[in-house]
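> A predicted structure for the sequence below; I have some questions about it.
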Amino acid sequence: MSRCRGVKDIIHNRRNLAKLLVIAVIILIAVVANVPPNAEFMPEDKRYPYYTFPLLPPLIAIVLCMITGEVLPSLFIGIWIGALMITAYNPISASLKVASWLIDNATDPWNATILLFDFVIGAWIGLLYTSGALHSAAEALIKRVRSARGVSIASSVLGVLVFFDDYTNTIVVGNTMRPVADKLRVSRELLSYIVDTTAAPVAGLFLVSTWIGYEVSQIRGAIDELIKEVTDGKIPVAPDTSPYSMWLGSVPYHFYSILALILLFTVVITRRHFGPMLQAEHRAVAEGKVLRDTAVPMMPTEEVLNIRPSTEKRVSGWIFVTSSIILIVVALIGIWMTGAQGLVEDSKPFWEVSFIDSIQSETVDAASALFWASLAAYFVTLGFILATRAMSLNQSMKATIRGMYLMVYANAILLLAWTIKTVVDTLGTASYVVGVAREVGLPATFVPLLIYVVSMFISFNTGTSWGTFGIMMPIAVPMAWKLSMLQYPGDIALAYTITLASIGAVFGGGIFGDHCSPISDTTIMSSMFSGCDHIDHVKTQMPYALLAGITGILLYGLFAIGLMSPVVLIIIGVVLVILLHRLLSNYYAKRVKLQPIVPNYKL
């Protein structure tokens, strides 16, 4: 017995040593990556008369999150360190700067709308839960989906069906499937992984989504710059195709999102896991614990609203279904209306513009649309509950307030995540990374690989895919096109291929960070609506995200050496992901002495 303990202690100490080594390397990188005073390679508004360390704030925040498991203080420390640099290392000025940033981010129109939307969604959930509507819907679903594998597949399919917006996806899939997943012993870690993987990766791939307008606008801006250079006589020719066609042509090179979805369905169908997810799933099936004992769920529904519905008269599950449909329909109409505003005159109705054109418009406002939709879903639910006398007005208001309280912790994390994005923007973190990358002289065919790796790094450290698109697209398209024309003069077809692959690399690399960074708003909302501990979600999802991300690097590497067919590359990627998933599952299961295939719990 003592010998076994000794072996376990050695393994435990080695793991701790490995963690400390990784942390030390990360902090060393952050410190070595410094910007000297008034560095010319930085934009003018990001030059300081003293040394700065642009990678330090986000990396410190991420490392502290992983070490302590406490998100709020970790993010705050990262923000304060950033403020310290920006205020010439004056601690008092830094503290005041942090307060100013927090106010600015809380009052930003988009951010304020999202915070209000979260509170209203919390109120809606409070009514549905307390009235028993969620429990009724879950019991009805369990009659049709009676196994852990079944509910995992159903959640994944639902996530793909709600393709038009990543935020809406997290709300609908998380709230709909959580009660059923709990009863069928699917861990919250797996549910949040499903929700997160079918959010940004799906929205970034589909022809109709709230993302496409922004993505196409970024491509349009980059092409316009190339056209201007042709006019000025700097380059002989620019891309002669529409930005939407360029976006469409880049989709097959969007390797990360495609592989992430393939891996997701491989995981839920086979029930093979590796990394911390394997232990989480075995815990859920063997012990019935969908959360670990000391977990702090982002939305502690059971803790705040009681484990069972508080009313004797349980509301039908149809009110949950109906209000969810209203949520989706009103969100779509809101997206249509806001998108059409930039395409029609004030006196004309929005429906004169097609939905497809509206959703591609730069004026589309998904935050406002979701806020309107949440209000509609809440008031329909409240009206039904009062009309059927399932709950009194007093009980309904108590459930509303408690539901809003569910969102306090999550909204605090969102606010700090937005603020640390302000820090990295002010310090010029992305500009520093891009500047270093541009110094590396590469053949044109290697551009997509470089762009992908840099986009991954930026998006993980900043937690924003859209911010990464905005930074990288004006660099990726001209770099790919001009290097191709310089190194392969006259070969327009090759220039288009390299440019399309580079566009796909920007989107794929950007979504990688959005998918797995602990400071990404979509990652936070996936934890929130799945009711998962945020750090548990990040830790269990990270191995899967890295598998898809590293496989993407291999595919862009093959592209660089001449294998440029997207169909062939995707086939190779799918085979690699499936094989590596199996190998890693067997290897990790042996390490932790668990079965690689988690039993399929059934009722």
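In hand now; what should we look at?
> where does the stretch 51-200 of the chain dip in pLDDT?
66, 69, 138, 164-165, 168 (pLDDT under 70).
> show me where it has its helices.
Using DSSP state H, counting those that start in this stretch, the helices of the stretch 51-200 of the chain run over residues 56-68, 71-86, 91-107, 109-131, 133-142, 148-161, 166-183, 188-197, 200-203.
> could you point out the helix or strand that follows the shortest one?
The C-terminal neighbour of helix 200-203 among helices and strands, as given by DSSP states H and E, is helix 212-231.
> following the helix or strand of the chain with the lowest mean pLDDT, which helix or strand comes up?
None of the helices or strands of the chain scores lower by mean pLDDT, DSSP states H and E than helix 301-305, at a mean of 58. Of the helices and strands lying after helix 301-305 in sequence (DSSP H and E), the nearest is helix 318-340.
> export that next one as PDB, just CAs?
Output of helix 318-340 as PDB, limited to C-alpha atoms (Å, rounded to 0.1, in the frame of the first residue of the first chain):
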ATOM      1  CA  TRP A 318     -44.800  23.400 -24.400                       C
ATOM      2  CA  ILE A 319     -44.400  26.900 -22.900                       C
ATOM      3  CA  PHE A 320     -40.600  26.300 -22.900                       C
ATOM      4  CA  VAL A 321     -40.800  25.100 -26.500                       C
ATOM      5  CA  THR A 322     -43.100  28.000 -27.600                       C
ATOM      6  CA  SER A 323     -41.000  30.700 -25.900                       C
ATOM      7  CA  SER A 324     -37.800  29.200 -27.300                       C
ATOM      8  CA  ILE A 325     -39.300  29.400 -30.800                       C
ATOM      9  CA  ILE A 326     -40.400  33.000 -30.200                       C
ATOM     10  CA  LEU A 327     -36.800  33.700 -29.000                       C
ATOM     11  CA  ILE A 328     -35.400  32.400 -32.300                       C
ATOM     12  CA  VAL A 329     -38.000  34.000 -34.500                       C
ATOM     13  CA  VAL A 330     -37.800  37.400 -32.900                       C
ATOM     14  CA  ALA A 331     -34.000  37.200 -33.000                       C
ATOM     15  CA  LEU A 332     -34.100  36.500 -36.800                       C
ATOM     16  CA  ILE A 333     -36.600  39.300 -37.400                       C
ATOM     17  CA  GLY A 334     -34.400  41.700 -35.400                       C
ATOM     18  CA  ILE A 335     -31.300  40.600 -37.400                       C
ATOM     19  CA  TRP A 336     -33.300  41.200 -40.600                       C
ATOM     20  CA  MET A 337     -34.500  44.600 -39.400                       C
ATOM     21  CA  THR A 338     -31.200  45.900 -38.300                       C
ATOM     22  CA  GLY A 339     -29.400  44.600 -41.300                       C
ATOM     23  CA  ALA A 340     -31.900  46.200 -43.700                       C
END
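> whichever helix or strand comes after that helix: how far from the chain's middle?
Sequence-wise, the next helix or strand downstream of helix 318-340 (DSSP H and E) is helix 355-359. How far helix 355-359 lies from its chain's middle: 24 Å, per C-alpha atoms, centre = their mean, to the nearest Å.
> and stretch 351-366, by the same measure?
On C-alpha atoms, centre = their mean, the centre of stretch 351-366 falls 23 Å from the chain's centre.
> again with stretch 492-502
Computed by C-alpha atoms, centre = their mean, the chain-centroid distance of stretch 492-502 equals 28 Å.
> ok so, going back, any idea which of the helices of the stretch 51-200 of the chain gets closest to Gly342?
Closest approach to Gly342 among the helices of the stretch 51-200 of the chain is made by helix 109-131 (16.3 Å; C-beta to C-beta). The way it works is simple: take the backbone N, C-alpha and C, and place the C-beta from them, glycine included.
> for that closest one, name the packing helices and strands.
Judged by 3 or more C-beta pairs under 8 Å, 6 or more residues apart in numbering; DSSP states H and E, helix 109-131 is in contact with helix 91-107, helix 133-142, helix 166-183, helix 301-305, helix 318-340, helix 366-387, helix 393-405, helix 408-427.
> any chance of a markdown table for the helices of the stretch 51-200 of the chain, columns distance to Val577 and mean neighbour count?
Shown next, in a markdown table, are these (distance: least, C-beta to C-beta, whole Å; neighbours: other C-beta atoms under 10 Å):
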| stretch | distance to Val577 | mean neighbour count |
| --- | --- | --- |
| helix 56-68 | 25 | 21 |
| helix 71-86 | 30 | 22 |
| helix 91-107 | 37 | 15 |
| helix 109-131 | 33 | 23 |
| helix 133-142 | 30 | 20 |
| helix 148-161 | 15 | 21 |
| helix 166-183 | 22 | 25 |
| helix 188-197 | 13 | 30 |
| helix 200-203 | 13 | 28 |
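> wait, which of those helices is closest to Lys398?
helix 109-131 (8.0 Å).
> tell me which of the helices of the stretch 51-200 of the chain sits nearest to Lys590.
Ranking the helices of the stretch 51-200 of the chain by their distance to Lys590 (criterion: C-beta to C-beta) puts helix 188-197 first, at 21.1 Å.
> what angle do the closest one and helix 148-161 make?
Between helix 188-197 and helix 148-161, the angle comes out at 20 degrees (axes from the mean of the first three to the mean of the last three C-alpha atoms, to 10 degrees).
> list the contacts for Leu415?
Residues near Leu415 by C-beta atoms under 8 Å, 6 or more residues apart in numbering: 102, 105-106, 111, 115.
> out of these, what pair is the most spread apart?
Most distant of the contacts of Leu415, by C-beta to C-beta, are Leu102 and Leu115, 12.2 Å apart.
> want to throw the helices and strands packed on helix 109-131 into a markdown table with distance to Phe350?
Formatted as a markdown table, those follow (distance: least, C-beta to C-beta, whole Å):
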| stretch | distance to Phe350 |
| --- | --- |
| helix 91-107 | 28 |
| helix 133-142 | 32 |
| helix 166-183 | 19 |
| helix 301-305 | 36 |
| helix 318-340 | 4 |
| helix 366-387 | 12 |
| helix 393-405 | 31 |
| helix 408-427 | 30 |
